[in-house]
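*Asks:* sequence unknown, structure follows:
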């Protein structure tokens, strides 16, 4: 029997899946985040090692000897050659780990390092053709066609891009509330909604909350549901913000489609991330607009998690070798 | 003879002006920034004390004994009651300073503490009626009418607002360049302009510059001239960004006008800050649009600096007392 590891190294958590070559999952482990650019290489190693440890221990309950023949790591923000070298040395270090109850038999071709969008695509759809529209704190659209060509749009982060993201929705909501307070724009229930949320007597104290308490991107992004809820309750300003976000996501998705798919071909678009869990029907608005432009496309929620997609890509590296 | 101090406590520098009751400036001093919310109260005290020291030494060359009878401090971000208490105790401490070659005779009514927008307005116009449109790293519009009513629009900072600011122009420029690179928007010379500016082989490395080197708001705002220059050279995308910025500033100014000035009254609008020094004629675009809506208004560049405005306000506190 052949075993592989699929690893999803996200900013807030690391997930490892141990899979056999029939596609069955034998173990799964979670650990802390593993974005080495923000937490450093040592902490990243510990998180990945810990997630593998948990997954392997689970698998060991039913299998005596586990030899890993392929590994795929999907990591946020990894793309440049220097990043890939760092991750490769990390895989080398994993093979020397004293605590992992597994053995290794890795050929270079079976160490697959890719960005998190690809594993989300493969996990979400169940194979490696289609488009993933990942919209959480940030936003990115990534597609791969039948020939293996890929195209990415967005993923530029909260300062330079991230259109349609929770961060951008939250910031647009606060901006609209403050413009309404200034008398620059029409009234919106967002003003009271933010005051209530933070228990502020005066909306001017929002400055205290956002700047002096040094709120980070994730904390601000977590305010997006306030805008979503206001939109669901019929607030026009909030609805315009949601519509703008949907338009940006449709535009980014259309750009990927036009770049790598031939017209009228059939494939799926999978939506991942927190923004899609919306009361104001962001998913429905997006889906309707995409299908209107591209009638042969199916918009789906993810079938499996990204770590599962990583394991599938690890398996695929073995199959390709045998071909 | 009566002497007063006007102090402009900005984020990057502190300016002190020593004025007599005829309005003549007898001394001027500069020191480091004095935004106590970011650098702390002790460093703020030192900066203000140092600026006063320089101004007083200059004045002492022509006057033997200087008794300060009023002081006005215009400080960024000061508005709330707790802030004002902090600044009052700082003025108390100044009166106990051993190094200042002046004596003090301050009544409570002659300690004037206000935000930086008011001293920019009074300095820029030369009296305390009109509107200041302050657009540098951030943006704020502040007005005061003949009855003394004031109105502020904007000033919400780089996350929540600052429409039309250098920061927002720079970010919009980079966003447009990246959207063009993605294939989402039309081509723009901004893409090459940013690549050249940072000497990047690939625009994707902009992520490295902006996020990993942890660029701050001021560093990003300093990129606005790249967009301004592209607009001046006829780039349509850059021109749209400049037009959007101007529209936001016109909208904010119009809101202040509608709130506190009666139609067809005559007053001046003074523009302060780095954004107005523009190759793409931001000042002309703004001025034309404002005069088109409000034909009796004059849009001017500042006549005097904000510290001068602070000194005028200090003088005014003495006149009011005598009335």
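*Replies:* Cool, got the structure. The shown structure was predicted, so the numbers you read here are calculated from the model rather than taken from an experiment. Numbering: from 1, shown residues only, chains lettered A, B, ... in the order given.
*Asks:* can we go C-alpha only for contacts and neighbour counts from here?
*Replies:* Noted.
*Asks:* Which residues does the spatially most central residue of chain A form beta bridges with?
*Replies:* In chain A, the residue lying closest to the centroid (CA atoms, centre = their mean) is residue A:134, at 5.1 Å. Note on residue A:134: beta-bridge partners by DSSP bridges are residue A:140, residue A:272.
*Asks:* Contacts only, for it.
*Replies:* A:117, A:140, A:141, A:271, A:272, A:273 (CA atoms under 8 Å, 6 or more residues apart in numbering or on different chains).
*Asks:* so the third one touches residue A:156, yeah?
*Replies:* Think residue A:141. No: using CA atoms under 8 Å, residue A:141 is not in contact with residue A:156, being 10.9 Å away.
*Asks:* ok, the two, which is more surrounded?
*Replies:* residue A:141 (26 against 21; other CA atoms under 10 Å in any protein chain shown).
*Asks:* Not counting residues beside it along the chain, what's closest to that one?
*Replies:* Closest residue in space to residue A:141, ignoring its immediate chain neighbours: residue A:133 at 4.6 Å, by CA to CA, 6 or more residues apart in numbering or on different chains.
*Asks:* Can you point out the helix or strand that includes the closest residue to chain B within the stretch 1-150 of chain A?
*Replies:* Ranking the residues of the stretch 1-150 of chain A by distance to chain B (CA to the nearest CA) places residue A:37 first, at 8.1 Å. Applying DSSP states H and E as the criterion places residue A:37 in helix A:36-39.
*Asks:* Surely residue A:100 is in contact with residue A:54?
*Replies:* No: the pair residue A:100 / residue A:54 is not scored as a contact, 9.0 Å apart, by CA under 8 Å.
*Asks:* Looking at those two, which has the bigger crowd around it?
*Replies:* Higher neighbour count among residue A:100 and residue A:54: residue A:54, with 22 against 17, using other CA under 10 Å.
*Asks:* Contact partners for the more buried one?
*Replies:* Neighbour list for residue A:54: A:27, A:28, A:29, A:30 [criterion: CA under 8 Å, 6+ apart].
*Asks:* Scan those residues and report the most crowded one.
*Replies:* Neighbour counts for these, by other CA under 10 Å, peak at residue A:28, which reaches 24 neighbours.
*Asks:* what sits against that one?
*Replies:* Residues in contact with residue A:28 (CA under 8 Å, 6+ apart) are A:15, A:16, A:17, A:18, A:51, A:52, A:54, A:55, A:56, A:58.
*Asks:* And the furthest pair within those?
*Replies:* Farthest apart among these by CA to CA are A:15 and A:58. That separation is 13.7 Å.
*Asks:* out of these two, which sits in the more crowded spot?
*Replies:* Here residue A:15 and residue A:58 are set side by side on neighbour count (other CA under 10 Å), and the busier one is residue A:15, at 27 against 16.
*Asks:* tell me the SS of the more buried one?
*Replies:* Following DSSP: H, G, I helix; E, B strand; the rest coil, we place residue A:15 in the strand state.
*Asks:* Bridged to it, which residues?
*Replies:* Beta-bridge partners recorded for residue A:15 (DSSP bridges): residue A:8, residue A:30.
*Asks:* Kindly report the same for the one 10 residues further on.
*Replies:* When bridges are called by DSSP bridges, residue A:25 pairs up with residue A:19.
*Asks:* ok, it - how many residues close by?
*Replies:* For residue A:25, the neighbour count with other CA under 10 Å is 18.
*Asks:* That one reaches residue A:17, doesn't it?
*Replies:* Yes: look at residue A:25 against residue A:17 with CA under 8 Å: they come within range, at 6.7 Å.
*Asks:* need the contact list for residue A:131.
*Replies:* A:121, A:141, A:142, A:143, A:144, A:253, A:256, A:268, A:269, A:270.
*Asks:* again, but for residue A:12
*Replies:* Counted by CA under 8 Å, 6+ apart, residue A:12 has contacts A:32, A:33, A:34.
*Asks:* Can you add secondary structure and give those residues back as JSON lines?
*Replies:* Formatted as JSON lines, the contacts of residue A:12 follow (three-state DSSP):
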{"residue": "A:32", "secondary structure": "strand"}
{"residue": "A:33", "secondary structure": "coil"}
{"residue": "A:34", "secondary structure": "coil"}
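*Asks:* Most neighbours among the residues you listed, please name it.
*Replies:* Counting neighbours by other CA under 10 Å, residue A:34 leads those with 27 neighbours.
*Asks:* what's the closest non-adjacent residue to that residue?
*Replies:* Distance criterion CA to CA, 6+ apart; nearest residue to residue A:34, sequence neighbours excluded, is residue A:44 at 4.5 Å.
*Asks:* any chance you could read off phi and psi for the one you found?
*Replies:* With angles defined as degrees, to the nearest 10, residue A:44 sits at phi -60, psi -40.
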